[in-house]
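*Asks:* What shape does this take:
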Amino acid sequence: MITKYAKLIKDSRIKRGLSQLDLASRLGISRPSYIAIEQGKKDLTLGEFEKLSGVLAISFEEIESGEIQNYEKYKQMILAFLRLDGNITKTKLAKLLYFADFAWFYTNLKSMSGMQYRKIQYGPVADSYFRIIDEMFDRGEIDIKQTKDGAMLISQTRSGAKIDLSEINNGEQKLMKKIEKKWESKKTSEIVDFTHKQLPYLYAQDNDIVSYGLFTQENPDEIF
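*Replies:* Numbering: from 1, shown residues only. Below is the predicted model:
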């Protein structure tokens with residue numbers, strides 16, 4: 001059986017200029033054993049997971065999911081939604097990104113950004129969402145204003161408008177437009193309540209990563 005993380009490990013090794021022998025030595029296993037892992041014929045032990053995470057500079061969750069998180073693409077997805085809607089509350093934007101990643105996974109068995117989403121009080125949110133929003137604000141790519149009711153309203157700046165969205169292909173842009181259109185008139189609280197009723201959120205423990213796989217049991221027509 002081919003393990004889902006085999007290709008990710010191979011691609012990450014090559015990207016970092018490591019040979020199969022190099023990585024085998026760092027894992028403390030033989031080269032044939034490592035090759036079996038890279039070919040998807042041998043599963044990783046927990047200890048090997050931890051060592052690979054450090055050597056390849058990718059998270060345990062990325063190895064487990066078989067996807068590397070594409071931070072640059074995730075930033076472009078943020079800007080893409082802001083260009084469609086103009087002003088979006090911080091919480092609603094997080095949910096639209098969740099819909100985009102999980103809806104894309106529904107038909108392609110891979111998310112747009114590769115981000116891992118965690119179960120928190122306000123629904124599934126990418127681990128790096130708040131950090132990335134702060135970084136984009138500090139760089140002047142987005143503006144954040146607090147409304148009278150305390151919500152944080154996000155919009156793109158002139159600097160942000162100049163950023164190319166080349167990481168997002170036409171099919172992904174089309175899906176994001178459908179998602180934005182579906183939810184543009186909904187209040188943030190309505191969207192949060194909706195995500196709380198979905199299987200990925202219901203089946204995850206508090207602060208745990210939510211499952212992309214469970215999303216395939218949802219009705220995509222409710223998302224876009």
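*Asks:* Could you list the residues in contact with stretch 12-21?
*Replies:* Contacts to stretch 12-21, defined as C-beta atoms under 8 Å, 6 or more residues apart in numbering, come from residues 23, 31, 34-35, 38, 55-58, 68. Yep, even glycine has a C-beta here, placed from its N, CA and C like the rest.
*Asks:* can you rerun that using 10 Å?
*Replies:* Stretch 12-21 has contacts (C-beta atoms under 10 Å, 6 or more residues apart in numbering) with 5, 10, 22-26, 30-32, 34-35, 37-38, 52, 55-58, 62-63, 68.
*Asks:* Of the residues you listed, which belong to helices?
*Replies:* In this view, the contacts of stretch 12-21 that belong to helices under DSSP state H are 10, 22-26, 31-32, 34-35, 37-38, 52, 55-56, 62-63.
*Asks:* Give me the buried entries from the contacts of stretch 12-21.
*Replies:* 5, 10, 23-24, 34-35, 37-38, 52, 55-56, 58, 62-63, 68 (16 or more other C-beta atoms under 10 Å).
*Asks:* Which member of these is positioned nearest residue 192?
*Replies:* Ranked by distance to residue 192 (C-beta to C-beta), the buried ones among the contacts of stretch 12-21 are led by residue 62 at 26.6 Å.
*Asks:* Who are the contact partners of the residue in the chain sticking out farthest from the centre?
*Replies:* The C-alpha centroid of the chain is most remote from residue 30, which lies 33.5 Å away (C-alpha atoms, centre = their mean). Each residue near residue 30 by C-beta under 10 Å, 6+ apart is listed here: 21, 24, 36.
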